[in-house]
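S.K.: Okay, structure incoming, though there's no sequence with it:
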């Protein structure tokens, strides 16, 4: 691709860097440039050049793909979705051979992208990894306050699985005390392990912030009773509890912002309906565009994969 050597990396420039400099897509290079196979048993020790074709081309032109994008957005139970969600459904659910960048281009050209927020402060350095490679390694819990016209401010507590971002428990209440804060955790223990007995969740880390509810003797005592290992998020760095923080943001964007709820019953019903839909249909790139429930059903422990 290139014979020039990067001064910093001391390596030849790769396809991505050269294509970016010349302003043409990598697909063009792979479609036109031949590739040389590794040396084989052929005379002279050199294999012949082969076509650079990367795979079957899609049969969809831009107009047909745009129609699919519009139909997908219309049918989705969620609002304000970006191109990644659309790509995940079209590619892995509907089975259309389309590229993510192509979908992004069409959505941008036709003003189908929702406005997104930009960072107002520099991002803090965070070199810790909070996503796990298997379920029941680390859970997270947090609470958010939501306004209702008749009951005033209500609390919504949730418990999330770090591995697949699945909501394992939720609780809407008026008084956000230590008992209410532990309710979604207790729900999660009973749901995942089938029992609320002592040490049922032994070995699972439970991440939470330094809120007053989580520092009480009751919350910490119940956590120890169920076998959790406490895992405190860093003070002033909500990204260390980012899984549940991101879920709370999604919940607010989907069912809170722009809507009005009268009382606790209405809000609790809306949250319950959203959690069901979210777990079943919210597709995540880190899960290879599976929903949380699909990822849980398809998960195989490493021991089984190695067998």
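M.R.: Sure, I can see it. Because the structure is predicted, anything quoted here is derived from the model rather than measured. Numbers count the residues shown, from 1 in each chain.

S.K.: that's a helix at residue 227, yeah?
M.R.: No. Applying DSSP: H, G, I helix; E, B strand; the rest coil, one finds residue 227 to be coil, outside a helix.

S.K.: got a pLDDT number for it?
M.R.: With respect to pLDDT, residue 227 has a value of 98.

S.K.: again, but for residue 59
M.R.: 84.

S.K.: Over to residue 22?
M.R.: Value listed for residue 22 in the pLDDT field: 78.

S.K.: who's in contact with residue 213?
M.R.: 143, 176, 177, 178, 180, 181, 219 (CB atoms under 8 Å, 6 or more residues apart in numbering). Bear in mind the C-beta positions are built from the backbone N, C-alpha and C, glycine included.

S.K.: Now with 7 Å, please.
M.R.: Residues in contact with residue 213 (CB atoms under 7 Å, 6 or more residues apart in numbering) are 176, 177, 178, 181, 219.

S.K.: Ramachandran angles for the closest residue to residue 277 other than its chain neighbours?
M.R.: Excluding the flanking residues, the one nearest residue 277 by CB to CB, 6 or more residues apart in numbering is residue 77, at 5.2 Å. Backbone torsions for residue 77, taken as degrees, to the nearest 10, come to phi -80, psi 0.

S.K.: correct me, but residue 77 touches residue 281?
M.R.: Yes. The pair residue 77 / residue 281 is scored as a contact, 6.2 Å apart, by CB atoms under 7 Å.

S.K.: quick one, which of those two is more surrounded?
M.R.: Set side by side, residue 77 and residue 281 show more neighbours around residue 281, with 17 against 12, by other CB atoms under 10 Å.

S.K.: Quick check: the two most widely separated of the contacts of residue 213?
M.R.: The span of the contacts of residue 213, defined through CB to CB, is set by 176 and 219 at 12.0 Å.

S.K.: Give me the more crowded residue out of the two.
M.R.: Neighbour count, other CB under 10 Å: between residue 176 and residue 219, residue 219 has more, with 23 against 20.

S.K.: Quick check: which element contains the more buried one?
M.R.: helix 217-225 (DSSP states H and E).

S.K.: buried ones in the helix or strand that that helix is followed by?
M.R.: As assigned by DSSP H and E, the chain's next helix or strand after helix 217-225 is strand 229-232. With burial defined by 16 or more other CB atoms under 10 Å, the residues of strand 229-232 counted as buried are residue 231.

S.K.: Endpoints of stretch 201-209, how far apart?
M.R.: In stretch 201-209, first residue to last residue: 20 Å (CA to CA, to the nearest Å).

S.K.: Report the distance from that stretch to the chain centre.
M.R.: Between the centre of stretch 201-209 and the centre of its chain there are 20 Å (CA atoms, centre = their mean, to the nearest Å).

S.K.: In helices, which of the contacts of residue 213 appear?
M.R.: 178, 181, 219 (DSSP state H).

S.K.: residues in contact with the last one?
M.R.: Read it as residue 219. 178, 181, 182, 213 are the contacts of residue 219 under CB under 7 Å, 6+ apart.

S.K.: Quick check: of the residues you listed, which lies closest to residue 114?
M.R.: residue 181 (32.2 Å).

S.K.: measure the residue lying closest to that closest one once chain neighbours are set aside to residue 258 for me?
M.R.: Excluding its sequence neighbours, the residue lying closest to residue 181 (CB to CB, 6+ apart) is residue 213, at 3.8 Å. Noted for residue 213: a distance of 29 Å to residue 258, by CB to CB, to the nearest Å.

S.K.: residue ranges with poor pLDDT in the stretch 201-307 of the chain?
M.R.: 302-307 (pLDDT under 70).

S.K.: Got the phi and psi for residue 214?
M.R.: Per degrees, to the nearest 10, the backbone of residue 214 is at phi -80, psi -10.

S.K.: bridging residues for the nearest residue to it once chain neighbours are set aside?
M.R.: In space, and not counting its chain neighbours, residue 214 is closest to residue 208: 4.5 Å by CB to CB, 6+ apart. Beta-bridge partners for residue 208, by DSSP bridges, are residue 232.

S.K.: what about residue 208, how many residues close to it?
M.R.: Applying other CB under 10 Å, we find 24 residues neighbouring residue 208.
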